[in-house]
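Visitor: Need the 3D shape of this:
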Amino acid sequence: MVARWCEMRRTPPRSLPNPYPLDSSSPDPSVPTEPPELPGPTAYRVTLLPSGWQFDAPPGTPILLAAQAAGIKLPSLCRNGTCRACLCRVRTDVAGGEPAPVAYRIEWPGLSREEKREGWLLPCCAHACADLVIDAPDAALC
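Guide: Modelled structure (predicted):
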């Protein structure tokens, strides 16, 4: 038994066949590893009413965090869209019942479809997709 154990220790471990032949440890230099960057806006301009304060919201950043980075405090509690404390209405002209030009990374229970069509948004989890004018009467400077 001990002899067999010693023999097993001396033999190198067997490697299993790669089930994903395209995933190799050495990438093919002829294949680009990163997708090409598409030109796009570096940030969208968000204007708050009635104060008139403005800040830039980078794509992929929630409006609430972009406002905080600019020194503006918007009401918030949960930061995931369930409490509705940050509820704001978009004043940007939206064509005939279209929702506000924002995107959400998660499906959340915070707004109904009707509320979205009426221009309501939750800045804690909404990402700007265009320049926005938002009615936020409770905004304050940090």
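Visitor: which parts of stretch 116-124 are buried?
Guide: Applying a neighbour-count criterion of 16 or more other Cβ atoms under 10 Å, one finds Lys116, Gly119, Trp120, Leu121, Leu122, Pro123, Cys124 buried in stretch 116-124. For glycine as for every other residue, the C-beta is placed from the backbone atoms N, C-alpha and C.
Visitor: what's the distance between the residue lying closest to Ala140 once chain neighbours are set aside and Ala136?
Guide: Counting by Cβ to Cβ, 6 or more residues apart in numbering, Ala140 lies nearest to Lys73, which is 4.8 Å off, once chain neighbours are set aside. Lys73 sits 10 Å away from Ala136, going by Cβ to Cβ, to the nearest Å.
Visitor: So which of the two has more stuff around it?
Guide: Per other Cβ atoms under 10 Å, whichever of Lys73 and Ala136 has more neighbours is Ala136, with 25 against 13.
Visitor: The more buried one contacts Leu48, doesn't it?
Guide: Yes - A contact is recorded between Ala136 and Leu48 when judged using Cβ atoms under 8 Å, the distance being 4.6 Å.
Visitor: May I ask which two of the buried residues of stretch 116-124 are separated the most?
Guide: Pairwise distances across the buried residues of stretch 116-124 (Cβ to Cβ) peak at 16.8 Å, for the pair Gly119 and Cys124.
Visitor: Can you mark which positions in the longest strand along the chain are buried?
Guide: When the chain is parsed with DSSP state E, its longest strand is strand 44-49. Taking 16+ other Cβ under 10 Å as the basis for neighbour counts, the residues of strand 44-49 that come out buried are Tyr44, Val46, Thr47, Leu48.
Visitor: who's in contact with Gln68?
Guide: Listed by Cβ atoms under 8 Å, 6 or more residues apart in numbering, the contact partners of Gln68 are Leu74, Cys142.
Visitor: To clarify, my last question referred to Leu121.
Guide: With contacts defined as Cβ under 8 Å, 6+ apart, Leu121 is in contact with Ile63, Leu87, Cys88, Arg89, Val90, Ala100, Val102, Leu111, Ile134.
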